[in-house]
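*Asks:* Build me a model from this:
(chains A and B)
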Amino acid sequence: MAHSVRRDAPELPDFSLLKRLARDQLIYLLEQLPGKKDLFIEADLMSPLDRIANVTTLKEHEVDKLYKVEHKSIVSTSDQLCFLIRPRIQTVKWICDVVNADKAVGKFRRYKVIFCPQKFYACETLLEEQGIIGDVTTDEWSFYLLPLDDDIISLELPEFFRDNFLEGDQRWVRTAGSALHLLHSLYGPFSKVYGIGRCSKMAYESWREQVKEGEQRVRQADIGNVFLIDRDVDLVTPLCSQVVYEGLVDDIFRIKCGCVEFGPDVTSSDKSMKVMLNSQDKVFNEIRNEHFSQVFGFLSQKARNLQTAYDKRSGMDIKQMKTFVSEELKGLKKEHRLLSLHIGASESMMKKKTKQDFQEMLKTEHSLLEGFEIRECISFIEEHINRQASMVESMRLLCLLSLTENGLLPKDYRSLKAQYLQSYGVDHLLTFSNLKQLGLLVEQQPGETLTVMESRVGKLVNDKTAGKLTDAFSSLAKKSNFRALSRRLNLVPKSDEEYDLRVPRDMAYIFSGAYIPLSCKLIEQVLERDGWTGLEEVTRMINGHEFAVTGSNGSDPRGRSDAQRIILVMFLGGCTYSEISALRFLGKEKGYKFVVVTTAITNSARVLESMLDNHA
Amino acid sequence: MAFITANWNPLGDAFYRQIELYDMGWSLRDGLKDCMVAAAPYGGPIVLLEWQSQRPSPSARPQLEIYSSSGVSMASFPWKSGPVRQLGWTVCDDLLAIQEDGTVLIYDLFGTFKRHFSMGNEVVQNQVLEAKVFHSPYGTGVAIVTGASRFTLAMNIDDLKLRRLPEVPGLQGAPSCWAVLTQDRQTKVLLANGADLYILDNTSCTPVTPPGLSPQACSIINMAVSFSYKYLALFTDSGHLWMGSTNLKDKLSEVETKVRSAPKQMVWSRRPKSQQPSVVLMWDRLLLVAGVCKETIQYTLDEECVCVAELDGVRIVGASRHEMLQEVPSACEDIFKIASMAPGALLLEAHKEYEKCSQKADEYLREIKEQSVLGEAVKQCVEAAGYEHEPETQKTLLRAASFGKCFLSNFPPEPFVSMCRDLRVLNSVRDYSVGIPLTHTQYKQMTVQVLIDRLVYRKLYPLAIEICRYLKTPEYQGVSRVLKHWACCKVQQKEEPDESIARAVSVKLGEAAGISYSEIAARAYECGRTELAIKLLEFEPRSGEQVPLLLKMKRSQLGLSKAIESGDTDLVYTVVTYLKNEMNRGDFFMTLRNQPVALSLYRQFCKHQEQETLKDLFNQDDDHHELGNFYVRASYKESKLEARLSLLQSAVDEYNKAKNEFAAKATEEEMKLLRFQRRLDEEKGEALLGLSLHDTLHALLSANYHKQAEQLYRDFRVPDKRYWWLKLTALAEKEDWDELEKFAKSKKSPIGYLPFVEVCVKRHNKYEAKKYVSKVTPEQKVKAHLAIGDLEGAAEAAIERRSEGEISTVLARCSPTTDRALLERLNRARSTAAKK
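*Replies:* Residues are numbered from 1 along each chain as shown, chains lettered A, B, ... in the order given. Here you go, the predicted model:
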């Protein structure tokens, strides 16, 4: 990156340990069922599993055939079946069906169900109800954390967002607590924990409980501070179009578990190609955090450098050539291959994103964030819907409108909804119902101004019992005070100044200088103030549950200064690549290193798709 | 110190000694005569029951008495159950009373009845002739032989599995003697019938012959198995004592005792690393120690006694005295043997002189040092101290060891320190009031944990806690455990009120780590004190422990709140499932209604498992909106149109009830649309069913059903803009340019004419596009011109509008080589525009 690094950033701890632990446990579990066996893997566990143990490893431990769980009857001939699944009722039900089908035809097999990362009581009840609890053995593979990169760890639980924030189902909270506990025992003890959001608070409490139950080892901390944040504290950021390279790749090609599949249009060959996107990829590592407009420049510079490196050959004697071939050429070749891939990807993105409508969409987004020319924005959205442009995009703009404007006017709400239903089908009635419940798309209550609402929420929070009540339905009563927050925290830089994307001056660069993500701004502010003091008004508007706790090992508050500058940020409900880029930028500016732990990597499409209900 | 060896008796090359443990505290009327006695090993309790030889009259019930090893009474009660064949103790100090009818009663140390079990139905008829209680790695077992001469074994009374052993050929009544063996993880019975010896295991009865048994015997009349089940002793009617291994392969020795009557008791006396194991035989007045070396020691008994085999010797309990008979350990022998020159003995002597301030101390020390055996000497003294019973002797030995240690530079301190600690603990439990005469060897074998358990079982809580603290036992295993037992005992005190017990418990247990209040509460609940249990549960920090007990006590509401507080959804779910089964539906739903967390959890479950219940839930809550959603969702799973429509109608009704007009109307329209689509599908064979309104319109327009499209447009009040967009794209897609032109002219376009230009360009028809450029509003003119690639026109329009921004847009599209004139014009115009 072009800007200078203020302080030498501390080294990140080695997270590959997490992978090793997970692998060893899995192998142990597989060996609990000796002999050849077929392994059925839940579809969305396939990629994470691939990062932990490849097929060869599985085969070494007598896994015969691998199948994906497809909720259909099975064709396996093995007399031992092992199921590696998420603790979901549907999947367990399917297993019951499989077992019962075997029973019906008098086939005897051994079954083992491994729940990842933990089993829920409901799953066991189901096994019991279906009368097969005696036929299967169950186990837990406590694989909570998958390191996607040096500084990204994912729980790979995309359903966390919907389950927790929409359905009010808190069963994953304990999982998050356990994940935190694992990190704490391996890389802790943490000396300071900050957090905001109801779920964060609960995850924190669950973790503390687990710390209390287990024994404490005294060790040198690798990670000093922790920040927990709920996704519903900031729903605006994930709904914005991403324009930083990594985010853009995710928006367009969808990065799955740190791996992306580039289609033929990118690879400029006739087949598509899977590419791992992480810091190992030298080319990608340099451009991942760059604003898209800068990427081409970087890539062409890179291409020239590469050419020079190749050109060195011309003046070489035999000996030099030999070392060149043995040492450098392989690296260059690899870099070459990667470079051409990323250039291909950029071109493909360029085609899509430099089009007129994309530019206009960005303009609309920026206007919404600024609260400027709202009527024009509404007609733009209307046209977008009327022309039946992308269903998710339309919804995204609607939600952004509602979030930034604190709800839609009743007239607009109805008419936009009606038009939306006409365009995309009436089944989205359910989607709207979900969006309303989550507070993503709501109607302004007539005659209710912001201040009235604020004071009412304030009163409720004071009254403890009422506070509990609102807690439960906090999402229902949730009002986005985006405009006020934005003023308070200076989220939208003044638009009259030219924003130089080559030399970003703040985190707003990830949205072309139009908006500093609220989530990252909160983190910055809290770290700066070492707590929430001075942010009372902000937390009230976000609907609170903020906390800042100094760790129990207060004896050594400063600890290793390096560890103090490593900050673990845990997003409950997912975070976007743009936010990660913003945090990386913040880290460079302030001499921190951020480790992002998230329940899943998300983006606008994933957030909104999780709200759809017509497939259920 | 010469007197130490006063009660030593040589046996072969070893010595045997008697140690006086206690003067018994009991006062027995007839001594141990006419009593059934059972004493537990490891210094356990002693139980006495008067023989019921004469038919007992119901008024004169025999008295059952339990004493500690020192004869302190622990319990005494009249025996009201049936005639007892055998008494015994379990490994955890419970009393077993095996009755004639095969019922085994279990009492605790204080004579409280715990439970009973039966040794099988067969026994009821045939009666128990003889019974034995034995200990094995599996726990405490019971073996009986019935009137039908059949053996039955229970390996572990806590996990009762009865095994009836095969028949023994030719056996009538009880065998002349028998014993239970545990070998190779198998329990067997060894029995003698006359001169024949059999081994009985699960499946077979095998006759065996001990090697080298003297032939003049015609009957084996007693046998004894060693504490470790490794050695066997057989006593024959010829007065011969055969000693060998239990596998009957090796013979150790055979001793001629010259007594031909059967001994009352016969036990092995061995110790670990024994040099001269022996068998102790007891007759009425005579106690005979027969060593492997064929020598014997004889003691006369002046009272009725009972022998108790121990790991390292034999305890002899009499009416007035309690003694321990054992082989003198080699460390003690080396030190105390008269004129011993062993290093330990010299060190002890040296220390003695030192105390007397005599310079001889130095001589002795020098002698030891010259042989460089000082380390050895210290070790010997420490070891010997462990074997001594008298605290004075222990102290003397330890002082000597400590003295010797001063002259050693790198002697590890641990053995000395831990021996001091162990002895302190041992002396305190050997105290008369406690009465557990453990030897050091036994103590090590038994472990501190078990010792603490035994103390706790005897309700000696303060002593147990003292020991834990003194030994620095981790709290979990030590103090906390004792406190927990104390609390469990405390809650059973019926006379104290709940309040004060709860307070007392919390005060005592307050700061102890790892206390499980739920266990204590469970105990309170078992005693029928539910209120106390709830109070105690309040102290339990782990909800996972609280909740199950609350449910058990039928405090499900409280359990539910606790579960929710814990944030552990599995726990909440446990309670929910429990409630679902326990309550009727209405109450169940009402309960959930007050607990949103539980409700949403249950809803999630129902969504996947019980759709109908979900509906009931919404119904109960009068949540018409959710019900509406429910029907809509259901309608999508329905493939038949009629069913789908009726579901949608239900949804409409619900939405109306919820006063959600918007949703009701939208659903109604959907129904209307579905019907319309079906009609068309039937008439025209289009596949429209299920498409959105927009898609339907598009399909209609593409298929040239303009009239039907028009009708939809009117019926559904489709906004003009949308309709124009739709028609525009549909026509352009078909490249129906005439129709498009007609459409454009039909009336003023609500979406302007730029889209017309754009669709034409998209279809690469610049010619058509040009037709619409003129119609475009002035604001969009530039864009329109640019769209068809008409730079001139665009420039014209931009200059006309004097808009700096638009001029720049056009400029950006001009190339400096071909459009030089245009460039200049534009630049000029821009500068004038800028001036303004």
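*Asks:* who are the neighbours in contact with residue A:563?
*Replies:* Residues in contact with residue A:563 (CB atoms under 8 Å, 6 or more residues apart in numbering or on different chains) are A:10, A:220, A:221, A:222, A:223, A:224. (Glycine included, C-beta is placed from N, CA and C.)
*Asks:* Mind checking what helix or strand follows the strand or helix carrying it in sequence?
*Replies:* Element membership of residue A:563, judged by DSSP states H and E, is helix A:561-564. Using DSSP H and E, the next helix or strand after helix A:561-564 towards the C-terminus is strand A:566-572.
*Asks:* Provide the strand pairings for that following strand, with the direction of each partner.
*Replies:* Sheet pairing here is set by DSSP bridges, and for strand A:566-572 it gives strand A:225-230 (parallel), strand A:593-598 (parallel).
*Asks:* follow-up on the earlier one: any buried residues in the helix holding residue A:563, and which?
*Replies:* The neighbour-count check on helix A:561-564 (16 or more other CB atoms under 10 Å in any protein chain shown) flags A:563, A:564 as buried.
*Asks:* any idea of the mean pLDDT in it?
*Replies:* What helix A:561-564 shows for mean pLDDT is 75.
*Asks:* and residue A:301, how many neighbours?
*Replies:* Neighbour count of residue A:301, defined by other CB atoms under 10 Å in any protein chain shown: 11.
*Asks:* roughly how far apart are it and residue A:283?
*Replies:* Distance, residue A:301 to residue A:283, by CB to CB, to the nearest Å: 11 Å.
*Asks:* list the contacts for the residue in the stretch 251-400 of chain A positioned nearest to chain B?
*Replies:* Proximity to chain B, evaluated over the stretch 251-400 of chain A using CB to the nearest CB, is greatest for residue A:386 at 4.1 Å. By CB under 8 Å, 6+ apart, the residues touching residue A:386 are A:419, A:423, B:719, B:721, B:722, B:725.
*Asks:* ok, so of these, who is nearest residue B:702?
*Replies:* residue B:725 (13.9 Å; CB to CB).
*Asks:* correct me, but that closest one touches residue A:389?
*Replies:* No: assessed by CB atoms under 8 Å, residue B:725 is found out of contact with residue A:389, at 10.3 Å.
*Asks:* So the two - more neighbours on which side?
*Replies:* Applying other CB under 10 Å to residue B:725 and residue A:389 shows that residue B:725 carries more neighbours, namely 21 against 15.
*Asks:* and that one, that's in a strand?
*Replies:* No: counting by DSSP: H, G, I helix; E, B strand; the rest coil, residue B:725 is not part of a strand but helix.
*Asks:* hey, what's the closest residue to residue B:67 other than its chain neighbours bridged with?
*Replies:* Of all residues not flanking residue B:67 in the chain, residue B:46 sits nearest, at 4.8 Å (CB to CB, 6 or more residues apart in numbering or on different chains). Residue B:46 has the following beta-bridge partners by DSSP bridges: residue B:39, residue B:67.
*Asks:* Give the full set of residues in contact with residue B:46.
*Replies:* By CB under 8 Å, 6+ apart, the residues touching residue B:46 are B:37, B:38, B:39, B:40, B:66, B:67, B:68, B:69, B:71, B:317.
*Asks:* now residue B:285: how far from residue A:372?
*Replies:* Where residue A:372 is concerned, residue B:285 sits at a distance of 117 Å (CB to CB).
*Asks:* typo on my end, residue B:734
*Replies:* 40 Å.
*Asks:* got it, and residue A:316?
*Replies:* 60 Å.
*Asks:* Whether the longest helix seen in chain A contacts chain B - can you check?
*Replies:* In chain A, taking DSSP state H as the definition, the longest helix is helix A:330-353. No: Helix A:330-353 does not reach chain B (CB under 8 Å from any CB of the partner chain); its nearest approach is 15.2 Å.
*Asks:* Show residues contacting that helix.
*Replies:* Taking CB under 8 Å, 6+ apart as the rule, helix A:330-353 contacts A:245, A:248-249, A:252-253, A:262-263, A:265-268, A:273, A:275, A:281-284, A:287, A:292, A:295-296, A:299, A:302-303, A:306, A:309-310, A:358.
*Asks:* Now intersect these with the strands, please.
*Replies:* Among the contacts of helix A:330-353, the ones falling in strands (DSSP state E) are A:262, A:273, A:275.
*Asks:* Please produce JSON lines containing the strands paired with strand A:566-572, extended by distance to residue B:30 and mean pLDDT.
*Replies:* Output for those, formatted as JSON lines (distance: least, CB to CB, whole Å; pLDDT from 0 to 100):
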{"stretch": "strand A:225-230", "distance to residue B:30": "77", "mean pLDDT": "89"}
{"stretch": "strand A:593-598", "distance to residue B:30": "80", "mean pLDDT": "90"}
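*Asks:* Please identify the helix or strand for residue 402.
*Replies:* All of this refers to chain A. For residue A:402, the host element (DSSP H and E) is helix A:391-404.
*Asks:* The chain in question should be chain B.
*Replies:* Here residue B:402, judged by DSSP H and E, is contained in helix B:391-405.
*Asks:* all strands for chain A, in order.
*Replies:* Under DSSP E, chain A gives strands at A:37-41, A:63-68, A:80-85, A:110-115, A:136-140, A:146-149, A:152-154, A:192-196, A:225-230, A:259-262, A:273-276, A:547-550, A:566-572, A:593-598.
*Asks:* now those in TSV, with mean neighbour count?
*Replies:* Formatted as TSV, those follow (neighbours: other CB atoms under 10 Å in any protein chain shown):
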stretch	mean neighbour count
strand A:37-41	23
strand A:63-68	15
strand A:80-85	23
strand A:110-115	21
strand A:136-140	17
strand A:146-149	22
strand A:152-154	23
strand A:192-196	24
strand A:225-230	26
strand A:259-262	18
strand A:273-276	15
strand A:547-550	16
strand A:566-572	27
strand A:593-598	25
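*Asks:* Compile these into CSV and extend it with columns for distance to residue A:165.
*Replies:* Shown next, in CSV, are the strands of chain A (distance: least, CB to CB, whole Å):
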stretch, distance to residue A:165
strand A:37-41, 28
strand A:63-68, 29
strand A:80-85, 24
strand A:110-115, 23
strand A:136-140, 25
strand A:146-149, 22
strand A:152-154, 18
strand A:192-196, 14
strand A:225-230, 8
strand A:259-262, 27
strand A:273-276, 31
strand A:547-550, 19
strand A:566-572, 9
strand A:593-598, 14
